[in-house]
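Student: Got a sequence here, can you model it:
(2 chains)
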Amino acid sequence: MSSLFSFVCPPIRFYYKNIKYFVFFCIKFILIEEKQILYQKNIMSKVLISRSENYSQWYNDLVIKADLAENSDVRGCMVIKPYGYAIWEKIQGVLDKMFKETGHSNAYFPLFIPKSFLSKEAAHVEGFAKECAVVTHYRLKNSPDGKGIIVDEDAKLEEELIVRPTSETIIWSTYKNWIQSYRDLPLLINQWANVVRWEMRTRLFLRTTEFLWQEGHTAHSTKEEAIEETEKMLNIYAEFAEKWMAMPVIKGYKTQTERFAGALETYCIEALMQDGKALQAGTSHFLGQNFAKAFDVKFTSKEGKQEYVWATSWGVSTRLMGALVMAHSDDNGLVLPPKLAPIQVVIVPIYKTDEEFEKVNEKAIAIKKQLENKGISIKYDNRDTHKPGWKFAEYELKGVPIRIAIGPRDVDNKSVEIARRDTLEKNIYTDNEIISTIEILLNDIQENIYKKAFDFRTASTHKVETYAEFKDIIENKGGFVSAHWDGTAETELRIKEDTKATIRCIPLDAVEENGKCIVTGKPSTKRVLFARAY
RNA sequence: CGGGGUGUGGCCCAGUCCGGUUAAGGCGCCUGGUUUGGGACCAGGAGACCGCAGGUUCGAAUCCUGCCACCCCGACCA
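Tutor: Down below sits the predicted model:
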């Protein structure tokens, strides 16, 4: 009835409603105005949320705002942006050199792995089956209804292909043909590649569906040699983390629960992030003869006997980028170790007039040349589209270790202002001190941020004797907890269920001491390291 | 796969409960001018199938139905 009325007499009803709305709108607009003012206050605050306020969001925002990476249109997959990729290239460059210095060569194996390969090693397939992307078809066709394209069901693969989650299987099926004699050993190969693991929840760099990494795969004639290789590569990772990333790590090996699927022993380096959570930064696996047996890789020994080869694999990924961000950065943005910073020094000119720019520019170019001659990577930001203050904030956000500001005053005084990113200290230096100061500062920053991270880790590592103490620290303080454990998977699982903390590793340098498991009271001979982890 | 949330110019988002003015504001972008030693200011300008598809209504960003996408919390993990 009412709809009939409104249909027949719209003007009357419209008029009536209009009066009502006039009053309503007056109130509504006043409310909106007030909300708007409040809202503007909120966004005027800092670029980054503070670590103490929300560490997780701080990390997410920082990765994006520092231009390292962003989420792509593909769910779970990131775009690594030029600035972020430049850091990755530095990481690659250093590690690649270290690998080659220890006798390894690079090669490349296929992205796709036949499904049957993956299932040849039982533990391995078990470990990865739940997170594999599978290629089932090789052709598309136009949709019959004309709306786009669809999978051509006639183009079904005889055998599905798995997008590699790791390459052991395809590599070992290849090694079978490469290895006949002890003379072919050791075989020391590395590949830089992308891999895919279908993760439920992803975070930039820390866990993405596709990520970049390197995976080393080696074959040896003896068990001892393979173990030696596993440990050697672990040491390379540790050295890289500490000397280049300025990030202290604990070397250790994993419990059976945390071990790589298919490995006899998994070694790892574990780092502690500023929020007290641990992050596995690299792994090195002793694979025993598991893959050799699965893929029938035998060699003839000096004695003329047929033997299975001994294997290792080891890798670090773009996850290191996440570790790098979380290890040193502060509420103002990234803090990069000078040895991995794409830009080590930035020069910002300050001027008002063209004449002033001329003076400043001349000086800046001279300094730039001198630093370049010393092998320091330097950027002279002479854009006139941004003000100095804007540039200061920008390079702080991007973690450039050293900033040189040059203004007319400096030209007159034969000086410059040098600011260091790690401590945010600024000082004036005379022209003849510049080069030596920069060289000293770059080393000093590298050491200082390492020390800071090291001290933080020391302060965040606690020995406990009881489960109550353990829970208290995990819940309230975070960090590493060093405790006795009875060595069983049951106890490990119970602790994980109770506290979300896992055994990060059994440290290689753990001292032998008699103790009691904090949960069961059973005897234990050494302490293991627990933490909540990424 | 469960539980919660969100889709509005490039970005952050207001407006949605209770349908009605030209879809508001900030950032960014463009133009001109003044500026430049810690994220400048003024003036002007461009930019929106309000996630998609139906429906209800004189009238839908707003209500209804269906779908899609993304985010957060769990189970899984380098």
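
Student: Every contact and neighbour count from this point should use C-alpha atoms.
Tutor: OK.

Student: Return the distance of A:Ala468 relative to RNA strand B.
Tutor: 21 Å (CA to the nearest atom of the strand, to the nearest Å).

Student: Confirm A:Cys268 sits in a strand?
Tutor: Yes. Counting by DSSP: H, G, I helix; E, B strand; the rest coil, A:Cys268 is located in a strand.

Student: Tell me the spacing between it and RNA strand B.
Tutor: 8 Å.

Student: likewise A:Ala226?
Tutor: 21 Å.

Student: Would you agree that residue is in contact with A:Trp310?
Tutor: Yes. Under the criterion of CA atoms under 8 Å, A:Ala226 makes contact with A:Trp310 at 6.0 Å.

Student: Overlap in contacts, those two.
Tutor: A:Ala219, A:His220, A:Gly288 (CA atoms under 8 Å, 6 or more residues apart in numbering).

Student: can you list those in TSV and add pLDDT and distance to A:Val135?
Tutor: Shown next, in TSV, are those (pLDDT from 0 to 100; distance: CA to CA, whole Å):
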residue	pLDDT	distance to A:Val135
A:Ala219	98	30
A:His220	98	33
A:Gly288	97	31
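
Student: Format those as TSV; extra columns: secondary structure.
Tutor: Shown next, in TSV, are the shared contacts of A:Ala226 and A:Trp310 (three-state DSSP):
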residue	secondary structure
A:Ala219	strand
A:His220	strand
A:Gly288	strand
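
Student: Nearest to RNA strand B among the residues you listed?
Tutor: Of all the shared contacts of A:Ala226 and A:Trp310, A:Gly288 has the smallest distance to RNA strand B: 17.8 Å, by CA to the nearest atom of the strand.

Student: returning to that earlier point: of the shared contacts of A:Ala226 and A:Trp310, closest to A:Thr169?
Tutor: Nearest to A:Thr169 out of those is A:Ala219 (CA to CA; 13.4 Å).

Student: who does the helix or strand hosting A:Val316 pair up with?
Tutor: Assigned by DSSP states H and E, A:Val316 belongs to strand A:310-317. Using DSSP bridges, the strands paired with strand A:310-317 are strand A:210-220 (antiparallel), strand A:278-288 (antiparallel).

Student: what about that strand, average pLDDT?
Tutor: Average pLDDT, strand A:310-317: 97.

Student: pull the CA atoms of the helix or strand that comes right after that strand into PDB?
Tutor: Note on strand A:310-317: by DSSP H and E, the next helix or strand toward the C-terminus is helix A:319-328. Only the C-alpha atoms of helix A:319-328 are listed here, as PDB (Å, rounded to 0.1, in the frame of the first residue of the first chain):
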ATOM      1  CA  ARG A 319      64.500 -14.400   5.100                       C
ATOM      2  CA  LEU A 320      67.900 -13.000   6.000                       C
ATOM      3  CA  MET A 321      66.500  -9.700   4.800                       C
ATOM      4  CA  GLY A 322      63.900  -9.900   7.500                       C
ATOM      5  CA  ALA A 323      66.600 -10.800  10.100                       C
ATOM      6  CA  LEU A 324      68.600  -7.800   9.000                       C
ATOM      7  CA  VAL A 325      65.700  -5.400   9.400                       C
ATOM      8  CA  MET A 326      64.700  -6.800  12.800                       C
ATOM      9  CA  ALA A 327      68.200  -7.100  14.200                       C
ATOM     10  CA  HIS A 328      69.200  -3.400  14.200                       C
END
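
Student: Can you spell out which helices and strands pack onto helix A:319-328?
Tutor: In terms of contacts (3 or more CA pairs under 8 Å, 6 or more residues apart in numbering; DSSP states H and E), helix A:319-328 is packed against helix A:55-65, strand A:278-288, helix A:434-459.
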